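Chemist: Can you look at this prediction? I've put the sequence above it.
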Amino acid sequence: MRRLSRTPVLAAVAMLGTGALTVSLLASPAEAGPRRTRVSATLSATATNPGGAVTLSGWVKDKGKQKRRVVLEQKIASGWRTVGKDRSAKGGAYAFTVPTDWFYSTRLRARVKPTRKHRGSVSKAHRLSVVPAYTPLGSPDSWETLGRSRDRWNPCRTLTYGINTSRATPDAGTVSTGIHNTMALVSQATGVRFRFAGETSSNPLDRTWKRKDPDIIFGWTTDAETKLDLGPTTAARGGYDRTRRARDARGKAIWEALDGGVVYDLTDTATMNATEFQQLTLHEVGHVMGLGHVSAPDQFMTPGVELYSLPLVYQAGDLNGFSKLGLQAGCTRPVRFHRRASLQRVAPLATSLD
C-alpha cells in the first residue's frame, strides 16, 4: 500500500486558520465600535437671584432609543464638578433644575456617560450668574485676607460647627438663632456647606482641639479667663487655630484652615439685642472664613462700631472677598507641615477700636 504524505493535510489546516482569521477581521455592523452620541443644552436664564428657578435642558441624540445617563456639571477653578444626575427620556429629552442657592458666576454643561454601544458626549457650556436680590453697599474692592496668602478652608468639604451655650449671653436662644442665620448667609456667599454638630462642651480657639470637636466652635468667656485679649476695646475674637500647608486650584502655596471659631466677651454680648449680636457674628465669621479688616465703614469687615448700623446681609467687598475664598475658587490640596494662625478682633458696641 502506498504511503500518503501529510503535507496536504498540514496545508489544509493552515488554509483553514487563515480563513478563520479573515472572517474575524470582517466584523458585522452589529459588532462595530460604539456609535456616536450628541447632546445639546440650553439654559432657561443667564442670571437669577438665590433660589431662582433655572433649568438646563436639551436632547441626547444617538441611534438607539435607550435612556442615557446624564450629569449636570459646574465649572469651578479646580475643574468640573457634578451637581446633578439623571437619565434622559426614551426619546432623548432631559432637564435639570440648576442649583441656585449660592452666589456664583460660572459655566454649566451636560455630559452623557458612554455605554458599551454608544459614546459619551459633552454639551456646549453656558454661563449662569446668581446675584443678590439686594444692592450691596460699597465697593467690591473693599476686602482683605486674614492671612498673607489667602488662607482659607477647603471649600469642597462640608464643615461642621458647634455652639457652647453654657455661658452664652444674652441667652442661648438669641445666640443660637444669630449663629445659624449667619452660617446660612456665609454658605450663600461662599458655596461652602455647613452642618450643625449640636451643642459642644469644647471651647473655641483654646488650642486643645480634639478629633471629635466640630471644625468651628462658638463660645463665651471673659478677658480675665483667656489669653486672647478680650479687653475694653474687644467684643469678640474670630479666626482659625490650626492650619496646614496646601495648594490652591492653580498650584499656588496657601495655608488651609483645619479648625477655628469665635470667642465672645460675655460681658459685652450681655447687653446686645438679637440684631446686634448677629451683626457682630457676621463680622467674626468673616474672619473665620479668611477675611481680614477693611477701612471701609460700609462693609461688615470694618473693625469699628459702624458695623452695628449695617443691614443683616454681607456687602459688596465682603461678597467679593468670599468669592475669592469660597467654592468658586476651587478645591485645595494638602501638603505636609502645620502652623498656627493669628486672630483678629472687633470693637464692642459701645466703644471704638484703638
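Modeler: Perfect, thanks for sending it. Numbers count the residues shown, from 1 in each chain.
Chemist: quick check: domain ranges of the protein?
Modeler: Domain ranges of the chain: 38-130, 159-346, per automatic domain parsing.
Chemist: From the chain's centroid, how far away is the last one?
Modeler: Between the centre of domain 159-346 and the centre of its chain there are 17 Å (Cα atoms, centre = their mean, to the nearest Å).
Chemist: Start the count at 30 instead of 1 going forward.
Modeler: Noted, 30 is the first residue going forward, which turns the last one into domain 188-375.
Chemist: mean confidence for that domain?
Modeler: The predicted model assigns domain 188-375 a mean pLDDT of 92.
Chemist: Kindly report the same for the first one.
Modeler: If you average the pLDDT over domain 67-159, you get 95.
Chemist: deepest of the domains of the chain, which one?
Modeler: domain 188-375 (a mean of 20; mean count of other Cβ atoms under 10 Å). Using the backbone N, CA and C atoms, a C-beta is placed for each residue, glycine as well.
Chemist: Excluding chain neighbours, what is closest to Gly167?
Modeler: Asp327 (4.1 Å; Cβ to Cβ, 6 or more residues apart in numbering).
Chemist: Check the secondary structure at the one you found for me.
Modeler: Following DSSP: H, G, I helix; E, B strand; the rest coil, we place Asp327 in the coil state.
Chemist: my guess is it meets Thr164, correct?
Modeler: No. Using Cβ atoms under 8 Å, Asp327 is not in contact with Thr164, being 11.8 Å away.
Chemist: how about a markdown table for the domains of the chain, with distance to Gly176 added?
Modeler: As requested, the domains of the chain are exported to a markdown table (distance: least, Cβ to Cβ, whole Å):
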| stretch | distance to Gly176 |
| --- | --- |
| domain 67-159 | 19 |
| domain 188-375 | 6 |
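Chemist: residue ranges for the helices of the protein, please.
Modeler: Ranges of helices in the chain, per DSSP state H, are 36-54, 201-219, 295-298, 303-317, 345-354.
Chemist: got these as a markdown table, with distance to Thr174 columns?
Modeler: Converted to a markdown table, the helices of the chain look like this (distance: least, Cβ to Cβ, whole Å):
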| stretch | distance to Thr174 |
| --- | --- |
| helix 36-54 | 63 |
| helix 201-219 | 14 |
| helix 295-298 | 26 |
| helix 303-317 | 10 |
| helix 345-354 | 7 |
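Chemist: Next, the closest residue to Ser324 other than its chain neighbours: phi, psi?
Modeler: Counting by Cβ to Cβ, 6+ apart, Thr331 is the residue found nearest to Ser324 once chain neighbours are left out, at 7.3 Å. Note on Thr331: its backbone torsions stand at phi -70, psi 140 [degrees, to the nearest 10].
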